[in-house]
Every structure is written in C-alpha cells, then in structure tokens.
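K.L.:
Attaching a predicted model along with its sequence, questions to come.
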Amino acid sequence: MEKLSVVIITQNDAQNIERCLVSVTGIADEIVILDSFSDDQTVSIAENFGARVIQESVTGEIRQKNRAIELASHLLILSLDPKEEIDATLRTAIQNCKEKYAYSGYRINRCTHYIDQFIRHGGWYPDRSVRLFEKQKAKWDGVDPHGKIAFPGPVAIQDLPGEILRYAYVTTE
C-alpha cells in the first residue's frame with residue numbers, strides 16, 4: 001500500500017482548517033501544513049491533528065504549494081486548500097488508490113459552496129482538476145492564484161468518484 005501525504009498551505013485559516021483536517025483523518029499518512037506565519041489559531045489546530053507545520057514567508061501561492069510538495073515524505077500527494085474537504089465517496093476512492101496505485105494523477109470534481117448551498121450547475125460545476133498525484137511526476141504551474149497541476153509529459157490520468165467540497169465564500173449574519 002502506498003502512503004499518502006496531504007499538503008495544505010495556510011495563512012490565518014483557523015475558521016476553516018479543522019473541517020479540512022477532519023475529512024482526511026484516517027487516510028492521510030502525513031499532513032504537511034506550510035503556514036505563512038498565521039496570527040490566529042491555525043497552527044495550534046493543525047498541530048492538534050498531528051500535522052507537521054512548517055512556517056515560511058509568503059512567496060506566491062503556486063511556489064508555496066510546490067514547496068509543500070517538496071516537504072512531503074510520501075509518493076502520493078493530495079493537495080488541498082484549507083477551505084476544502086473531501087466527501088465520503090472521495091475518501092473511499094483515495095483509500096482504494098492507496099491500495100491499488102496505478103496512475104500518475106487522479107482528477108477530482110470540486111463543488112463550491114456559496115450562499116448556504118453547493119452550486120452544481122453552470123460554469124461552477126463540475127470544476128475538475130488533478131489533486132491526487134505522484135510526487136515526482138507533477139507540480140503546480142500557472143499564474144497566481146489560479147494554478148493547476150502540470151506534468152512534464154503525457155501521463156495516465158484517472159477520474160475519481162466523489163468531490164472536493166470548497167467553502168470559498170464566508171457568509172456572515
């Protein structure tokens with residue numbers, strides 16, 4: 001069975017990070033948090049989940065995500081944002097990937113939560129992207145803050161069932 005590193009970059013994400021970490025508990029063999037010197041409870045929450053927290057200055061989102069990958073110990077990487085969580089179906093699919101690893105990357109649907117509902121239509125859904133991948137074969141590329149996983153050449157990509165649930169917009173009452 002392959003081991004999985006979950007990598008997350010953070011800065012003042014105490015409001016969101018717990019939901020993210022709960023969702024990967026039990027499938028993550030390692031959680032790496034690259035934090036940009038949060039001044040809220042982000043670091044202590046992450047450490048309570050057993051995450052390895054490294055603090056470094058902000059260098060741009062794509063560079064930070066690639067740095068987090070470098071810090072990871074395992075072959076399989078799941079890259080998440082602190083405002084995201086994985087659903088139960090995706091959790092099972094990732095566990096199956098760990099047991100029968102066969103592809104260089106896995107594409108996952110992402111669904112955004114906005115104004116108290118998940119948007120499952122229009123240009124918002126499905127927002128497909130590779131988020132589970134082999135460490136040595138992929139990196140974040142693009143223009144900040146809209147990066148994407150890129151491979152140096154052709155690779156086999158598999159679609160996974162389930163979703164990354166993204167809580168991108170905070171609503172206040």
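P.N.:
Perfect, thanks for sending it. Numbers count the residues shown, from 1 in each chain.

K.L.:
who touches residue 19 in this structure?
P.N.:
By C-beta atoms under 8 Å, 6 or more residues apart in numbering, the residues touching residue 19 are 85, 167. Heads up, the C-betas are built off the backbone N, CA and C, glycines and all.

K.L.:
Check which helix or strand it maps to.
P.N.:
Residue 19 is part of helix 14-24, with elements assigned from DSSP states H and E.

K.L.:
do residue 32 as well
P.N.:
Assessed by DSSP H and E, residue 32 sits inside strand 30-35.

K.L.:
Point out the other helices and strands that that strand packs with.
P.N.:
strand 4-10, helix 14-24, helix 42-48, strand 52-55, helix 61-71 (3 or more C-beta pairs under 8 Å, 6 or more residues apart in numbering; DSSP states H and E).

K.L.:
Dump these to JSON lines, plus distance to residue 167.
P.N.:
Shown next, in JSON lines, are these (distance: least, C-beta to C-beta, whole Å):
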{"stretch": "strand 4-10", "distance to residue 167": "14"}
{"stretch": "helix 14-24", "distance to residue 167": "6"}
{"stretch": "helix 42-48", "distance to residue 167": "15"}
{"stretch": "strand 52-55", "distance to residue 167": "21"}
{"stretch": "helix 61-71", "distance to residue 167": "18"}
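
K.L.:
Tell me which of these is the most buried.
P.N.:
strand 4-10 (a mean of 25; mean count of other C-beta atoms under 10 Å).

K.L.:
before we move on, back to that, now the strand holding residue 32, how far from the centre of its chain.
P.N.:
Its chain's average C-alpha position is 10 Å from that of strand 30-35, according to C-alpha atoms, centre = their mean, to the nearest Å.

K.L.:
for the chain, what are the low-confidence residue spans?
P.N.:
Applying pLDDT under 70 to the chain flags residues 170-173.

K.L.:
Name the residue closest to the centre of it, please.
P.N.:
Using C-alpha atoms, centre = their mean, the residue of the chain that lies closest to the mean C-alpha position is residue 80, 1.2 Å off.

K.L.:
if I look at that one, how far off is residue 9?
P.N.:
9 Å (C-beta to C-beta, to the nearest Å).

K.L.:
next one: residue 130
P.N.:
Residue 130 is 17 Å from residue 9, by C-beta to C-beta.

K.L.:
before we move on, what about residue 35?
P.N.:
Using C-beta to C-beta, one gets 8 Å for the distance from residue 35 to residue 9.
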